[in-house]
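Novice: I'll drop the sequence and a predicted model, then ask my questions.
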Amino acid sequence: MAEDECDISEAGYRHLSLLFRVTIRISTTMYDLTVIIPTYNEEANIRDIVSEVDNVFRDNALNGEILVVDDNSPDATIAIVNEMKKAKPNLNILVRTDDRGLSQSVAEGFAHASSEIFVVIDADFSHPPSLIPAMYSEIRSGNEVVIGSRYMVGGEIKKWPIKRRIISIGATFLGRLLFPDITDPVSGFFAVRKEVVTNAPLKPRGYKILLEVLGKGTWEKDREIPFEFVDRDVGSSKLKLKTIVEYAEQVMDITLYSFSHHQSAAWREWKKVFKFGIVGIIGILINMGVLYCLTNYVGLFYLVSSLFAIELSVLNNFLWNDLWTFRSYQQHRLSSRWHRLIAFHGVSVGGLVINMGILYLLTSFFGIYYLVSNLLGILVAFAWNFWVNRRVTWKTEK
Ligand code: GDD
Ligand code: MN
C-alpha cells in the first residue's frame, strides 16, 4: 500500500514537471513570430502601423505578436498603444527610460519577444508590412536571416534627397566589405531567428542594428527580398551626423570582433582574403620560376619568357581560387568554369594596369623610390583583384 502511494506521487510529480516544461515551452513560443516596432514620437503613425501589421497577421493566418519598443516618447505614442492593447491581446509595449536609441530598442525587443522568429519594421511605413509573411516563410524554410533589400533588383528608394542617398550608398559600401553577398546590410527591415541573436554579444548603437546582428550573430544562410523604401510622409527622420560616426566605429568593432571569433560571417570573408593572398604569392613564385627556366634553360628572350610566365601564373591562380578560395556550396552566378576563367583574365589585366599605373605615377611624378611605389601598386592591385573577383567572377547565386 505504502509502495503504491509512493508510485502515485512519483507519477504525479512527473506529470507536474511535464506540465511545467510544457508551460515554459508555451511561454517562449506562444507566437509564430514577433514583429518589433521601435518608436520615438510616432503618434502620427503608430495606430495605422499596428493595425496594418495585425491585418497582415489575420489575412495570412499568422499567430503573431506585435512588440512596440518605445524610448519614452513625450508625444501620445505610448498612450495610443496602451489604448489599442485593450482590444489586441497580441500587442505589447516596452517603454525604455535608461537611454535612447533605435538599435538598443530593437535589441531589447529581441530579449523580450515571445516567439522564435523576429521581424523588425519601422513605424513610419517606409517598410511594407505586406512583406512580413514572405520573410516569415523564408525563415521557416531554413534561412536564419532574411533582409528586405533596397539595393537588389526590384528594390528601390522613393523620395530620398540626394544627401541621404549618398550617405546611404557610402554606408552600404562599407557594410558590403564585411558581407559582400548581401546587397543591403544596413537595412532596417529584416527578420531573424532567435538563436542567431540570443548568445551574440550585441553592442547596439546608432541605426544599423542589422549590421551588428550580421557581425556578431551566428548564422550561415541568408536571403534577401527586394522592397521599395518609401520615405516617411509624417514626422521626421532622426538620422544625425553622430549616427554616421557611430557607424564607422561599429564597422571597425565588427572587424576586430571577427579576428577573434572565427565562427562569425565576417571571418569567413577574411579567410577568403587570406587564401587569395596565399594563392597570389604562389603565383608570383611560379611567375619567377617559369621566367627563369624559359630564359636560362630554353634560351627564350626574357620578355617572351615573361609572357608565358604571366599566363601560367594567372592559370595557376585561377585554378587554386576556383577549387579552394571560393569553393562554395552555393552555385556561382558564372556557372561555367570557362566563363569564370575569362572573367578572371579580365580582372587580372585590370590589376596589372593598376599596378603599373601606380608605379609610374608615384615614381615619375612624385619621385617616390620605385620599389616603394611598386609595393603600393601591388597592394592596390591586390585589393582590386580580390574585390572584383569576389563580386563578379565568383559571385554566388542565391
Ligand atoms: N525606440 C526608438 N528609439 N525608436 C527610434 C529611435 C530611438 O531613439 N529613433 C528612431 N526610432 C524609430 C522611429 O520611430 C521609426 O519607427 C524607426 O525607428 C526609423 O526611424 P527614422 O528616423 O524614420 O529612420 P530613417 O527613415 O531615417 O532610417 C531608416 O532607414 C535606414 C536605412 O537607411 C531606418 O529603417 C533605419 O533602421 C535604416 O537603417
Ligand atoms: Mn523613416
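Specialist: Yep, it's here. Ligands and ions are numbered 1, 2, ... in the order given.
Novice: which helices and strands sit right next to the helix or strand harbouring residue 225?
Specialist: Element membership of residue 225, judged by DSSP states H and E, is strand 222-226. Secondary structure elements in contact with strand 222-226, counted by 3 or more CB pairs under 8 Å, 6 or more residues apart in numbering; DSSP states H and E, are helix 132-140, strand 145-149. (Each C-beta comes from the backbone N, C-alpha and C, glycine too.)
Novice: among those, show me which one is buried the most.
Specialist: Most buried of the helices and strands packed on strand 222-226, by mean neighbour count (mean count of other CB atoms under 10 Å): strand 145-149, with a mean of 26.
Novice: ok now it, how far from the chain's centre?
Specialist: 8 Å (CA atoms, centre = their mean, to the nearest Å).
Novice: list of residues touching it?
Specialist: Strand 145-149 is contacted from outside by 127, 131, 135, 138-139, 155, 182-185, 187, 189-193, 196, 210, 213-214, 217, 219, 221-227, using CB atoms under 8 Å, 6 or more residues apart in numbering.
Novice: how about the residues of the chain near ligand 1?
Specialist: The chain has residues 38-40, 42, 69-71, 100-102, 105, 122-124, 126, 168, 186, 188, 207-208, 232, 237-239 near ligand 1, with proximity defined as CB under 6 Å from any ligand atom.
Novice: redo that, cut-off 5 Å
Specialist: Within the chain, the residues that sit near ligand 1 (CB under 5 Å from any ligand atom) are 38-40, 42, 71, 100-102, 105, 122-124, 168, 188, 207, 237-239.
Novice: which members of the residues you listed occur in strands, if any?
Specialist: Taking DSSP state E as the definition of strands, those contribute 38-39.
Novice: related to what we said a few turns ago, quick one: distance of the strand holding residue 225 to the chain centre.
Specialist: When distances are taken as CA atoms, centre = their mean, strand 222-226 is centred 10 Å away from the chain's centroid.
Novice: confidence score at residue 357?
Specialist: We have a pLDDT of 96 for residue 357.
Novice: who's in contact with it?
Specialist: Per CB under 8 Å, 6+ apart, neighbours of residue 357: residue 377.
Novice: cutoff 7 Å now
Specialist: Going by CB atoms under 7 Å, 6 or more residues apart in numbering, residue 357 touches no other residue.
Novice: and the helix or strand encompassing residue 196, what's buried?
Specialist: Following DSSP H and E, one finds residue 196 within helix 194-198. The neighbour-count check on helix 194-198 (16 or more other CB atoms under 10 Å) flags 194, 196-197 as buried.
Novice: centre of the chain versus it, how much separation?
Specialist: 15 Å.
Novice: quick one: the helix or strand following that helix to strand 222-226, angle?
Specialist: Following helix 194-198 in sequence order, the next helix or strand is helix 209-216 (DSSP H and E). Angle, helix 209-216 to strand 222-226, by axes from the mean of the first three to the mean of the last three CA atoms, to 10 degrees: 160 degrees.
Novice: quick one, helix 209-216 and strand 145-149 angle?
Specialist: With the same axes, to 10 degrees as the basis, helix 209-216 and strand 145-149 are set at 140 degrees to each other.
Novice: who's in contact with helix 209-216?
Specialist: Identification of contacts with helix 209-216 by CB under 7 Å, 6+ apart yields 102-103, 106-107, 145, 147, 175, 178-179, 185-187, 190, 192, 196-197, 200-204, 250, 254, 257, 264-266.
Novice: I'm done for today, thanks for sticking with me.
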